[in-house]
Structure formats: C-alpha cells, structure tokens
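Return atomic coordinates for the entry below.
(2 chains)
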Amino acid sequence: MRKNRKFIYGVFNHPDDILNAAYAVRSTRNQILDCFTPFAVHGLDRAMNVKRSRLGIVAFCMGLTGFLLAVSLQYYTNVFDWPMNIGGKPAQLAVPTFVPVCFELTVLCTAYGMGITFFLRARTIFGVRETVLEARQSDDHFIMCFDMENKHLNIDEVTNLMKQNGALDVKQVEMMAGVK
Amino acid sequence: MYESPIREPLVTGGKTYHNITDDICRPIENKPSTQWRVGFTISAILAAIGVYSIAYTSFKGIGVWGINKTVGWAWDITNFVWWIGIGHAGTLISAILLLFRQKWRTGVNRSAEAMTIFAVVCAGLFPIFHMGRVWLAYFVLPLPNAFGSLWVNFNSPLLWDVFAISTYFSVSLLFWYIGLIPDIATVRDRATGKARKVYAFLAVGWNGSTRNWARYELVCLILAGISTPLVLSVHTIVSMDFATSVVPGWHTTIFPPYFVAGAIFSGFGMVLTLLLVARKVMNYENYITIGHIEAMCKVIMLTGSMVGLAYITEFFVAWYSGVQYEQYAFLNRMTGPYWWAYWSMMTCNVIAPQVFWNKWARTTPWFVFLIAAVVNVGMWFERFVIIVTSLHRDYLPSSWIDYSPTITEIGIYAGTFGIFFTLYFLFSKYLPVIAISEVKSVMPAPERHNKEVVAH
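Next comes the predicted model:
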C-alpha cells in the first residue's frame, strides 16, 4: 500500500546552480532522493552518486539472443527441416546469405529488448501516474528533492545549502508518491 | 554551457528555456490555423485517391498497372525505393549525427525522424500491393509455406528486405517514441482537461528524474549506435534486390554504397523541402536557423557528388568490362527511348547540387527549397532509370517493349504523398515538432545573476 510521504525540495532556475548544490550536498551526510530537470543536466548524476546504468549489458544480451534466434531460425528452416537444394550442393549453413537476417534480428532484439527493459526499469509504463512536484520541472525549473523520513537528513542544513547555491524557493510537501 | 566565440549559436533570438517551451507547445495548444486546415484537407483528399487506387488494384489484380511480361517492376518499385531512400535522412540525423556529436541535429531531428517513419509507411505499401493477392502477404513471413512443409528462402534478397524494412520501421518508431517522451511530458504538464489525460497516458509517467535521464541518454546512445549500421544495411539490402540479379545495369558491386549515398541525398532533399516550409509557417526561424539549412545543404552537396561519382564509375565499368549487354544497357539509358529520364536524372542529381559550393545558394531559403525539390525529382528519375531502362530491353529483342504508367499507378503514387502529408500534418499539430529537451540542452544557458560557476 502506498502511503503519504513527506518531501522537502528546492527549486532552481539554472542548471549550474543545481549542479553546484548537488556537489555541496555531497560533501555532507545528507542524501539527495532525486532531482527532476527539464533536460539531462550532465554531471548531475555523478554529483548525486548515481550508479552507471546497466542497460548496456541488457542490450548486449538481447542482441546475442536475437543473433542466436536468427541463426537457429535459418538453420532449422533452410538446412534441417527442408534442406535447400541449390544445384545439388549439400545443404549447409550458408554463412554469407544468412548474414543480413542475422544482423537485422540482432538489431531488432537489441532495440526492443533494451527499450522494454528501459521502460520497466525507469517505471515509465503506460498508465503510470506521474509524480510531478512542480509543473515547471519540465519547463524551466530544476528540482532537488529530499526524503524527510530519512534519518540522516538535516533539514536546516540542506535548506541552507540549496539557498546558498541559488535556490529560488525551498518547499515541503506531503504526497502519495512512487518517487524512489 | 560553454559558448564558443566562433560557432554561431544553435538557437537564436535570445530565447530562454521558458520561451522555447512556449514556442514549441503553441501549435499544440492553439486551434489549427487556416493554412493547416487547407493543407490537411488537400492531403486527406490525395490519401483517399490513393486508398481508392490501391483498393481497385487489389480487387482487379495488378493487370490494371502498366507493367507487363518484360517490365515486371516499374513505378511500384521505383516509388518503393524512392520513399525508403527519403526515410534515410531522418535516421542519419538522429543516429549518425548523434554519434558524431553534431549538436545542430537537435533542431531538426524530431521532424526528420517523423518523416522517416511516414516515408517507410508509404514505401511499404508498394511491395505489399505489388504482390497482387495481398491477402497472402503473410507468405513472406518465415511460416511453413501454405502451412505445409516448405519455408521461405533465406538466400533471397527479397526476403532480407522483409526483415530489413520491418526492423527499420520498428526500431525507428521506438527511437522516435523514446525521444518524444520527455517532450510529451512537457506538453502534459501544461495541458488541462481531456488533452492532459491523453498526453499523460503517452508520457508514461515521465518526471525528468536524474536517474531516468541517465538511463534515457544511455538508451538513446545505444539506439543510435545500432541504428547507424541498420540504416546502412537497409538500403544495402534494397540495392541487393537488384545487384544479385543477372540483369545488365543491375548486376554491379557498386550498388550498395551508391544506393546508400543516393538515399541520404534524396532524404536530405525531402527534409529541406519540409523544414523550409515548416520553419516559415510555424515561425521556427530561431530554431531551424540558416546555419542548420547550410549544414544540410553541405550534406546534399557531398552525397550528390558521391552519387555523381557512382554514375560515372558505373558507366566506366560497363565500358571497361567488355560485356556487350552491359555496354548496351548504359548506352540505351543515355540515348534510348528513355533518354529524357536519364538526362533529367543527370541534371538534377549531379549538376544541380553543385551550386551549393556558393554560400549564397546555401543560405537563401527559397533557392535551397528549389534545389531540394529538384533533388527529389532527380532521385525519383534515378530509380526509374535503373529499373525501367534495364528491364525494357532485355536479352531477347522480341520481348522488347516500352512502359508507361496507368492512371491507377499514378493514383497510388499521388496517394502516398497524401498519406505522407496527412500523417505529417497530424504530427505537426499534436506533437512537439522540435525536440524541446534536446534544444534546451544545447543552447547557451540563461544569464546568471552575479554568481560564479564552481569548477568540479
């Protein structure tokens, strides 16, 4: 069951400000819950100690699956189940002519395997309700959010740090949210 | 964001982040303009003509087309290759230029990708309805033939094409949609009422979290990485439909690179044709600047020269090979009954784009529009020349015959324009035409008030 959670967040209007604030917070014991920005602010993930995404590994595995699928499909249909008779030559894995389909299925499985994993992992799925703190977070405002139930959070400290680094406002909110 | 003193800014007019959101969401939030209504109506009428012509073909059979025993491929495959080629520019802009870190692509990638998807939709119609008995189209899938024991032949380039085109369409659609999600979320956060519900559904709960941005950027990078060889493979495989046959004029190893260059060439022609109109009508001169147009003109000039080189190489090799059939095929292209098609192709594709060596030509929108239109025509003629002139005089002189299209074929071709533009008009009204989040990330950041950037 989801319950109401309390958050404190700062509103910035410049990507450099939120970046500076994130670095400032990192040198304290406080933990940023997440930042919400209208576009990818490069370096912010590093400042927040976000681990590198493993979607690349997923993509590789999916691509390999697609490749093996293509090889087995072509081998089964054209060599095993109904051997192709081309000028009476023995039916075997016709490597050069099997390359294009292997390539296409590898790409297809990589793209969709990784894409679907991305949607599931990012919890961006049709029908998911968005948790938007401020309507302008997708326009021109940059939000830095903290979980108030976190025992290590020093509310006064993060408020000051955000204000020192140019936060326009610091607000507290209680909402039902799936923000992790 | 670091501002280079030399490079021109990618967004002009001193826009702030909020201005960008406003400008790009405006067409979505306002009622459609009269120009839009008129354009949409004309496109829808053309699309209806296309649907009628396609239905007529399906009921009567492909005997209603001008093709015959000798010329088995004509307008249908010409149009198929033409539309597929147009699609290639979108993927080049969104994938290859992303890998090359060409930041100017952000202003044009959204609409170019949309163009790709709509062009592939139009292209796909031709081979499907060329099958005649279209209700048996599932025969191209790797199913046991007629559900008996025979399978599709994986040695055939026509089957590779099925895999290539469907993969290309699916992956482009996914790439486009993932790119759209943050912008749909922007539209959602400004919308009210029923529109909000629709955009909220499409935005799949996107909230711009930093963790998600990190994943998003990685996914886009990998998609770009796999789309780059994909786009090259698609037209390579299309060219193999021809190159693996033993028809003079088709049986050449130069075809794959030559077709890929031609595809990018014609695609940029179409991108420019569309965007020059869009930037004017929708007032996006600050986002699709003269710099963007100039960059695209340079791509046209480069790929146009590559295509010209391919024509000459092809010609030289036909002579040098000493194969009489090959030599005749090329002589017949230049001086035979379709000489006008050949010389239109040469003029439009080889000579016309050379004007872009001149800076004035690259930076004058109306002139660029004219050349882009000429390129589109030229590339259509290229496919027509390759297909029809090679087929109409085959090895057996008693089968020699001329080809001209029937009204039904013309109707289908006009209809694909209708379908393409109908989809494009819907896109330009209901979705952000410019990638809002990407443009914001490449523009100079707004002025800050006496604060210093801390070096990290």
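
give the contact list for residue 108.
If you meant another chain, say so; for now it's chain A. For A:Leu108, the contact set (Cβ atoms under 8 Å, 6 or more residues apart in numbering or on different chains) comprises A:Gly66, B:Thr167, B:Ser170, B:Val171. For the C-beta atoms, the positions are set from N, CA and C on the backbone; glycine is no exception.

hm, I was asking about chain B
Residues near B:Val108 by Cβ under 8 Å, 6+ apart: B:Ile93, B:Val271, B:Leu275, B:Ile288, B:His292, B:Met296, B:Ile434.

and the last one, how many neighbours?
For B:Ile434, the neighbour count with other Cβ atoms under 10 Å in any protein chain shown is 23.

tell me the phi and psi of the residue nearest in space to the middle of chain B?
Nearest to the geometric centre of chain B sits B:Gly87, at 1.9 Å (Cα atoms, centre = their mean). When read as degrees, to the nearest 10, the backbone of B:Gly87 gives phi -60, psi -30.

what ranges do the strands span in chain A?
A:4-12, A:34-36, A:142-147, A:169-176 (DSSP state E).

So for the longest one, what gets flagged as buried?
Residues of strand A:4-12 classed as buried: A:Arg5, A:Phe7, A:Ile8, A:Tyr9, A:Gly10, A:Val11, A:Phe12 (neighbour count, 16 or more other Cβ atoms under 10 Å in any protein chain shown).

distance of the first one from chain B?
For A:Arg5, the distance to chain B (Cβ to the nearest Cβ, to the nearest Å) stands at 15 Å.

can you pull up the bridge partners for that residue?
On the basis of DSSP bridges, A:Arg5 is bridged to A:Met175.

okay but it is in contact with A:Glu149, surely?
Yes: counting by Cβ atoms under 8 Å, A:Arg5 touches A:Glu149, with 6.5 Å between them.

Is there proximity between the one helix or strand B:Trp160 maps to and chain A?
Element membership of B:Trp160 [criterion: DSSP states H and E] is helix B:157-190. Yes: judged by Cβ under 8 Å from any Cβ of the partner chain, helix B:157-190 comes into contact with chain A at B:157, B:159-160, B:163-164, B:167, B:170-171, B:174-175, B:178, B:181-182, B:185-186, B:188-190.

That helix packs against which elements?
Using 3 or more Cβ pairs under 8 Å, 6 or more residues apart in numbering or on different chains; DSSP states H and E as the contact test, the elements touching helix B:157-190 are helix A:95-121, helix B:17-29, helix B:75-91, helix B:105-130, helix B:193-202, helix B:210-243, helix B:436-442.

Break chain A into its domains for me.
For chain A, the structural domains run A:4-51+A:127-176, A:55-121, going by automatic domain parsing.

Can I get these in TSV including distance to B:Thr34 and mean pLDDT?
Shown next, in TSV, are these (distance: least, Cβ to Cβ, whole Å; pLDDT from 0 to 100):
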stretch	distance to B:Thr34	mean pLDDT
domain A:4-51+A:127-176	29	87
domain A:55-121	39	91
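
and A:Met62, what is it in contact with?
A:Cys109, A:Thr110, A:Tyr112, A:Gly113, A:Met114, A:Thr117.

Now flag whichever of those residues is closest to chain B.
Distance to chain B, by Cβ to the nearest Cβ, is smallest for A:Thr110 among these, at 5.4 Å.

Nearest to chain A within the stretch 201-350 of chain B, name that residue for me.
Closest contact between the stretch 201-350 of chain B and chain A, by Cβ to the nearest Cβ, is at B:Gly205 (3.2 Å).

which residues does that residue contact?
A:Arg123, A:Thr124, A:Ile125, A:Val128, A:Arg129, A:Glu130, A:Thr131.

rerun that using 6 Å as the cut-off
By Cβ atoms under 6 Å, 6 or more residues apart in numbering or on different chains, the contact set of B:Gly205 is A:Thr124, A:Val128, A:Glu130.

Out of those, flag the one nearest to chain B.
Distance to chain B, by Cβ to the nearest Cβ, is smallest for A:Val128 among these, at 3.2 Å.

what residue is smack in the middle of chain A?
Geometric centre of chain A, nearest residue: A:Ala122, 4.9 Å, by Cα atoms, centre = their mean.

Kindly tell me how buried the nearest residue to that residue once chain neighbours are set aside is, as a neighbour count.
Spatial nearest neighbour of A:Ala122, chain neighbours left out: B:Asn212 (4.5 Å); criterion: Cβ to Cβ, 6 or more residues apart in numbering or on different chains. B:Asn212: 23 surrounding residues under other Cβ under 10 Å.

For B:Asn212, give me the pLDDT.
B:Asn212 carries a pLDDT value of 90.

cool, and the one 5 residues further on?
The predicted local confidence for B:Glu217 comes out at a pLDDT of 92.

likewise B:Gly148?
Listed pLDDT for B:Gly148 reads 67.

just A:Ile125 next, same as before
Turning to A:Ile125, the model gives it a pLDDT of 76.

Could you do B:Phe265 as well?
93.

does it really touch B:Leu302, like I thought?
No: proximity of B:Phe265 to B:Leu302 does not meet the contact threshold set by Cβ atoms under 6 Å, at 8.6 Å.

what residue ranges in the stretch 51-200 of chain B are flagged as low confidence?
B:145-148 (pLDDT under 70).

Contact residues of it facing chain A?
Proximity of the stretch 51-200 of chain B to chain A, by Cβ under 6 Å from any Cβ of the partner chain, involves residues B:149-151, B:154-155, B:160, B:163-164, B:167, B:171, B:174, B:185-186, B:189.

The residues you listed into TSV, with extra columns for neighbour count?
Listed next are these as TSV, based on neighbours: other Cβ atoms under 10 Å in any protein chain shown:
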residue	neighbour count
B:Ser149	9
B:Leu150	11
B:Trp151	18
B:Phe154	23
B:Asn155	16
B:Trp160	26
B:Phe163	25
B:Ala164	25
B:Thr167	25
B:Val171	24
B:Leu174	20
B:Ala185	26
B:Thr186	29
B:Asp189	25
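
how close does the nearest residue to B:Arg215 once chain neighbours are set aside sit to B:Gly336?
What sits nearest to B:Arg215 in space, not counting adjacent residues and going by Cβ to Cβ, 6+ apart, is A:Ser53, at 4.7 Å. According to Cβ to Cβ, to the nearest Å, A:Ser53 and B:Gly336 sit 59 Å apart.

more crowded one of those two?
Neighbours were counted for A:Ser53 and for B:Gly336 using other Cβ under 10 Å; A:Ser53 has more, 20 against 17.

A:Asp156: how many residues sit nearby?
Residues contacting A:Asp156 under the criterion other Cβ under 10 Å number 7.

Check B:Ala295 too.
Neighbourhood size, B:Ala295 [other Cβ under 10 Å]: 18.

and it, what does it touch?
B:Trp104.

Also B:Pro337?
B:Pro337 is in contact with B:Asp402, counting by Cβ under 6 Å, 6+ apart.

Kindly confirm my reading that it is in a strand.
No: if the criterion is DSSP: H, G, I helix; E, B strand; the rest coil, then B:Pro337 is coil and not within a strand.

Next one, pLDDT for it please.
Per-residue pLDDT puts B:Pro337 at 93.

How about residue 109: what's its closest non-neighbour residue?
All of this refers to chain A. Among residues not flanking A:Cys109 along the chain, A:Gly66 sits closest, at 2.7 Å (Cβ to Cβ, 6+ apart).

please go with chain B instead
Spatially, and ignoring its direct neighbours in sequence, B:Asn109 is nearest to B:Ser94 (4.5 Å; Cβ to Cβ, 6+ apart).
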